[in-house]
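Visitor: need the 3D shape of this:
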Amino acid sequence: MLKPLSDHIVIEPLREEKKKGSIILPDTVEKEKSEKGKVVAVGPGKMEDGKRQPLDVKKGDIVLFTKYGPHEVKVGDKEYLIVRQDDILAIVE
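Guide: Residues are numbered from 1 along each chain as shown. Alright, predicted model coming up:
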């Protein structure tokens with residue numbers, strides 16, 4: 001598993017099927033990157049003035065993030081995204 005450093009966050013992208021009428025289009029038809037994912041690991045936080053700043057997200061959160069911010073990595077057969085906290089736009093509740 002990945003252990004992020006500083007304010008980095010590891011996200012498992014959530015793929016959603018697109019529907020057009022009664023036809024379900026698989027995600028492979030849609031070439032856009034996912035902008036929604038599940039947090040699988042978080043770093044310890046960024047150091048500022050000698051103190052760790054805690055992150056606003058935690059493992060298990062579903063988040064929305066910027067489309068072009070994530071770095072794509074592959075571990076085994078799973079794909080993950082690594083983002084900084086600043087690239088996360090919202091937590092989905």
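
Visitor: identify the bridge partners of the spatially most central residue of the chain.
Guide: Taking C-alpha atoms, centre = their mean, the centroid of the chain lies closest to residue 11, which sits 3.2 Å from it. On the basis of DSSP bridges, residue 11 is bridged to residue 39, residue 81.

Visitor: might one say that it is in contact with residue 84?
Guide: No. Counting by C-beta atoms under 8 Å, residue 11 stays clear of residue 84, with 11.3 Å between them. C-beta here means a position set from N, CA and C on the backbone, and glycine is covered the same way.

Visitor: what segments of the chain are helices?
Guide: In the chain, no segments count as helices under DSSP state H.

Visitor: find the least confident helix or strand in it, judged by mean pLDDT.
Guide: None of the helices or strands of the chain scores lower by mean pLDDT, DSSP states H and E than strand 18-20, at a mean of 57.

Visitor: and the strands in this protein, which stretches?
Guide: Taking DSSP state E as the test, the strands found in the chain are 8-13, 18-20, 23-25, 36-42, 46-48, 51-53, 62-65, 71-75, 78-84, 88-92.
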